[in-house]
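> Below: sequence and its predicted model.
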Amino acid sequence: MIAYDEFAQSEINRLIPIQDRFKEEFNIDSYANWFYDDESEILRLHNSEDDEVFFRYIPIGTYSFLKKTWMWSWFNNYLNEKNKIETLKIKQFGKENNFEKLTTGTFPSDTFDGWEFLAISQSILKGIGVYNINCDNLNYYVLLKEKIAPENNSEITKLKQKKLECGNHGFKRPAFVCQHLEIDSNNGFEEAFETFKGMDLEEDDDFSAWCNDCEKKRIEHNGWDDESMKFAKIKLVCEDCYFEMKESNSRKL
Ligand SMILES: [Zn+2]
Ligand SMILES: [Zn+2]
């Protein structure tokens, strides 16, 4: 039976020319910024609104600089990407070949392990290239499956609207609610237009809602004027918070 180290090295050697071609074709090193969206499983590399490229990715695993440990995506409950279950194929391959590093969810490691795992993932899950997203204390290793054309793609429109960072939900689209709406309140929920979670929005539209008292005030004042606006004191929340508020504030009293 082949030793793991030997196998991993041959996988690295195999990945290098593939990765070189990939970087050249898409000019990967020219992009200064990244943004990934775990809902659509799309990675955006960009310099400006127009100078950008999009890829569908599979999260392979993370390396923590604080704990100095590797964690496979199939083991990581904090990852929301549905396609992380693809990495179970790597675990299965590890099981068949008795490669302990591929079957253990998390263990002491270094950044080089991550590249070996990406190389192995590339051959098992068939990607076009790999990418290391360097967050503060974490390397997030992803396999890129395909390039996505941004034209007329509602997933990408939505991704680019996710500009608000919520402490609970990460990067999401912004939403507006009156000061009387909270996640656990029950004050009524009037909306500017009918909504459902995850719906597409036109460029000029925003989720916006207010309570029963604000609705009374708005009607008294024939719409939104200085005084009814002052009463509502609209605040900014993320879209996920918005739909949590919608649920609790729509309960019948
Ligand atoms: Zn209100
Ligand atoms: Zn939120």
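Structure's in. What do you need? Ligands and ions are numbered 1, 2, ... in the order given.
> All the helices of the stretch 1-150 of the chain, in order from the start?
4-26, 88-97, 100-103, 111-125 (DSSP state H, counting those that start in this stretch).
> Now mean pLDDT, distance to residue 155 and mean neighbour count too, for those, in TSV please.
To be clear about C-beta, it is placed using only N, CA and C from the backbone, and glycine gets the same treatment. Formatted as TSV, the helices of the stretch 1-150 of the chain follow (pLDDT from 0 to 100; distance: least, Cβ to Cβ, whole Å; neighbours: other Cβ atoms under 10 Å):
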stretch	mean pLDDT	distance to residue 155	mean neighbour count
helix 4-26	97	19	14
helix 88-97	98	24	15
helix 100-103	98	31	17
helix 111-125	96	21	20
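> possible to save these as CSV with distance to ligand 2?
Formatted as CSV, the helices of the stretch 1-150 of the chain follow (distance: least, Cβ to the ion, whole Å):
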stretch, distance to ligand 2
helix 4-26, 33
helix 88-97, 30
helix 100-103, 36
helix 111-125, 30
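> Quick check: which of those is nearest to residue 228?
With Cβ to Cβ as the criterion, residue 228 lies closest to helix 4-26 of the helices of the stretch 1-150 of the chain, at 50.8 Å.
> For the stretch 51-200 of the chain, what lies in contact range of ligand 2?
Contact residues, the stretch 51-200 of the chain versus ligand 2 (Cβ under 5 Å from the ion): 166, 168-169.
> out of everything not next to it in sequence, what's closest to the residue located most distally from the centre of the chain?
Centroid-distance maximum for the chain: residue 220 at 42.6 Å, with Cα atoms, centre = their mean. Nearest residue to residue 220 in three dimensions, chain neighbours excluded: residue 228, at 7.5 Å (Cβ to Cβ, 6 or more residues apart in numbering).
> Can you tell me the SS state at that neighbour?
At residue 228 the chain is in helix, as set by DSSP: H, G, I helix; E, B strand; the rest coil.
> And residue 214, by the same measure?
helix.
> Contact partners for it?
Residues near residue 214 by Cβ atoms under 8 Å, 6 or more residues apart in numbering: 178, 180, 190, 228, 231-232.
> Export those as a markdown table, with columns for pLDDT, neighbour count and secondary structure.
Formatted as a markdown table, the contacts of residue 214 follow (pLDDT from 0 to 100; neighbours: other Cβ atoms under 10 Å; DSSP: H, G, I helix; E, B strand; the rest coil):
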| residue | pLDDT | neighbour count | secondary structure |
| --- | --- | --- | --- |
| 178 | 98 | 24 | coil |
| 180 | 97 | 18 | coil |
| 190 | 97 | 16 | strand |
| 228 | 95 | 20 | helix |
| 231 | 97 | 18 | helix |
| 232 | 97 | 22 | helix |
